[in-house]
Structure formats: structure tokens, C-alpha cells
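S.K.: Pasting the sequence and the predicted model now:
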Amino acid sequence: MNWQVIKEQLIHFLKDELSKTGLKKVTVGISGGLDSAVVAVLCKEAFGDNMSGVLMPSQYSSDDSAKDAIELCERFNISYETVEIAPMVKAYSPNMNGDKLRIGNYSARVRMSVLYDISARDSSLVVGTSNKSEILLGYGTIFGDVACAINPVGEMYKSDEFEFAKFLNVTDAIINKKPSADLWEGQSDEDDLGYTYKQMDDALKEIVDNKLSKDEAVQKGFESKLIDMLEHRIKTNAFKGKLPVIANIKWS
């Protein structure tokens with residue numbers, strides 16, 4: 001994989017898309033995870049001081065998340081601010097009856113509300129951080145972490161993104177940590193999904209990119225159960241990647 005060429009493509013994409021808007025700045029939510037780290041480093045190289053990061057810890061965030069995010073910002077000289085979303089989440093939490101999924105989704109939407117408010121304050125564009133694996137599987141919150149104006153990593157599988165992060169010199173603490181959306185204590189992406197990203201991505205490349213049928217994928221050695229899960233998630237979560245469907249009214 002020629003990561004230098006891919007990096008140049010993505011930086012060109014970022015600069016080109018921002019120029020179309022007439023804006024000069026971008027805003028990135030930095031969680032201490034791999035996706036936001038990769039996007040933040042790309043945006044820093046593309047826009048220099050016209051890029052800023054936002055850390056948005058909640059009461060459910062691990063201490064390592066903020067520490068790792070700050071370490072990344074310091075390594076790449078990224079300016080950042082911290083907005084605690086815990087008061088906002090706590091204010092509404094009694095209505096969610098301890099439901100982890102609802103709390104996680106709500107937290108993601110609060111974070112995106114903060115990012116868009118800051119982008120309005122700074123006249124900047126919100127850059128997304130969802131990778132291809134998450135988008136295909138619907139492993140993200142609609143109007144939450146999947147919301148953005150532009151996204152440089154939406155065509156990059158998570159397992160490949162680890163290698164790209166190493167090329168970009170992202171901090172070891174971020175590269176080596178277990179993938180987590182950090183939506184509640186101890187939450188793990190791979191535990192939620194039941195497979196590692198490498199297992200899922202290898203199968204996704206066959207059934208999505210190479211358009212293999214389930215039978216063909218199974219013949220290549222993939223678990224039938226894994227293929228069923230992937231195809232189900234792709235189908236049921238496709239709506240998350242689309243604009244709202246508007247009724248076509250025939251007035252005459």
C-alpha cells in the first residue's frame with residue numbers, strides 16, 4: 001500500500017472541499033481514538049493553524065482517552081479546547097433509565113451539537129472521522145458521530161487505518177489501544193460486534209468490494225455466521241448513510 005500517495009490524495013481532497021465552501025478553517029472532534037487521530041493529523045498538515053480540535057469527555061469517558069488525545073495534539077502542535085459534555089448528558093440521563101445504547105447515542109449527538117456550534121462560532125467546517133467499516137456496518141450514531149460536512153477516511157477500512165496511522169506517526173498509545181467509541185465504561189467495538197475488525201474487514205472486502213455472494217465467501221473460508229451478520233448490518237443500517245427521504249408529491 002502506497003500510503004504517501006493516499007495521504008496526498010486525502011490532503012488534496014480536504015483542501016479542495018474546503019475551498020468550495022468559501023471557509024478557511026476546519027474543526028475536528030478528537031476522542032483519543034484512532035479515527036479522529038488520523039483525521040486530525042491530516043487536517044493539521046492540510047490547514048496548519050486553520051485547524052482546531054475539540055475534546056469532549058463525558059462522565060463515561062476513560063481517563064486514557066483525554067490523555068491520549070492531548071498527547072496527540074502536543075506531538076503535532078494541534079490547537080484544541082476541551083468542552084465537558086457530562087453536565088449535558090447528566091441533565092437528560094434520568095429519561096434514559098440506564099439504557100447504555102441510548103446513553104451512548106445521546107452522548108454522540110451532544111458531541112456533534114457541540115462541534116457544529118463551535119464551527120458556527122469559528123466559521124469552520126466540521127470534518128468527519130467515521131471509517132468505511134463503521135459506515136458499512138452502521139456502527140455509528142446517525143446525526144451523531146456519522147454527521148459531518150466532509151470525511152477523508154470514509155473509504156478506508158478500520159484494519160487498514162491502523163497501518164496508515166503508523167505511517168502518519170500517530171502516537172503508539174492510540175495505535176495500540178483496543179478500538180472503542182468510549183460511549184460507556186469498558187465499551188469495546190469488537191466485543192459489541194463479536195469479531196475483530198480484521199476478520200470483518202477481510203470479509204467486507206470480498207462481499208462489498210469484490211461483490212462475492214455469501215456462498216462464494218464461505219467457499220473462500222469465511223464463517224457463514226460472519227457473512228450473515230455483515231449482510232444483515234449493511235442492509236438494515238443503509239439509511240444512516242443517506243439524506244432524509246422526501247416524499248415526491250404529484251400536485252396535478
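M.R.: Yep, that arrived. Residues are numbered from 1 along each chain as shown.

S.K.: For Pro57, list the residues it contacts.
M.R.: Taking C-beta atoms under 8 Å, 6 or more residues apart in numbering, we find Pro57 in contact with Ser65, Ala66, Thr82, Glu84, Ile85, Ala86. For every residue, glycine as well, the C-beta is placed using N, CA and C.

S.K.: chain center to the least confident helix or strand in the chain by mean pLDDT, what's the gap?
M.R.: Here the helix or strand of the chain ranked lowest by mean pLDDT, DSSP states H and E is helix 189-193, holding a mean of 82. With C-alpha atoms, centre = their mean, to the nearest Å as the basis, helix 189-193 stands 15 Å off its chain's centre.

S.K.: which other helices and strands contact that helix?
M.R.: helix 197-204 (3 or more C-beta pairs under 8 Å, 6 or more residues apart in numbering; DSSP states H and E).

S.K.: Next secondary structure element downstream of the helix it packs on?
M.R.: Beyond helix 197-204 on the C-terminal side, the first helix or strand identified by DSSP states H and E is helix 214-219.

S.K.: So which elements touch that next one?
M.R.: Counting by 3+ C-beta pairs under 8 Å, 6+ apart, helix 214-219 packs on helix 224-236.

S.K.: how far does the helix it packs on sit from the chain's center?
M.R.: Counting by C-alpha atoms, centre = their mean, helix 224-236 comes out at 21 Å from the chain centroid.

S.K.: Buried residues in it, which are they?
M.R.: The neighbour-count check on helix 224-236 (16 or more other C-beta atoms under 10 Å) flags Leu226, Ile227, Met229, Leu230, Glu231, Arg233, Ile234 as buried.

S.K.: what angle sits between it and helix 197-204?
M.R.: Orientation note: helix 224-236 sits at an angle of 70 degrees relative to helix 197-204 (axes from the mean of the first three to the mean of the last three C-alpha atoms, to 10 degrees).

S.K.: picking up where we left off before, what does the least confident helix or strand of the chain rub up against?
M.R.: Leu137, Tyr139, Lys178, Pro179, Ser180, Ala181, Thr196, Tyr197, Met200, Met229.

S.K.: which one's the longest helix in the chain?
M.R.: helix 100-122 (DSSP state H).

S.K.: Now that one: buried residues?
M.R.: For helix 100-122, by 16+ other C-beta under 10 Å, it's 103-116, 118-119.

S.K.: what's the closest of the residues you listed to Phe13?
M.R.: Ser119 (18.5 Å; C-beta to C-beta).

S.K.: just to revisit the earlier point, ok, the buried residues of helix 100-122 vs Val39, which is closest?
M.R.: After measuring the buried residues of helix 100-122 against Val39 - C-beta to C-beta - the closest member comes out as Leu115, at 12.3 Å.

S.K.: Is the closest one in contact with Val26, as I believe?
M.R.: No - counting by C-beta atoms under 8 Å, Val26 is not a contact partner of Leu115; they are 10.7 Å apart.

S.K.: Next, count neighbours for Val127.
M.R.: 28 (other C-beta atoms under 10 Å).

S.K.: I'd say it and Lys25 touch.
M.R.: No - if you go by C-beta under 8 Å, Val127 and Lys25 don't touch, sitting 10.4 Å apart.

S.K.: Against Gln187, how distant is Ala173?
M.R.: Distance of Ala173 to Gln187, computed by C-beta to C-beta, to the nearest Å: 18 Å.

S.K.: just Val5 next, same as before
M.R.: For Val5, the distance to Gln187 - C-beta to C-beta - is 35 Å.

S.K.: now Lys100
M.R.: 8 Å.

S.K.: got it, and Leu14?
M.R.: For Leu14, the distance to Gln187 - C-beta to C-beta - is 30 Å.

S.K.: And for Phe222?
M.R.: The value you get for Phe222 to Gln187, if C-beta to C-beta is used, is 26 Å.

S.K.: Look at the two and report which has more neighbours.
M.R.: Phe222 (19 against 16).

S.K.: who's in contact with that one?
M.R.: With C-beta under 8 Å, 6+ apart, Phe222 has these contacts: Asp202, Ala203, Glu206.
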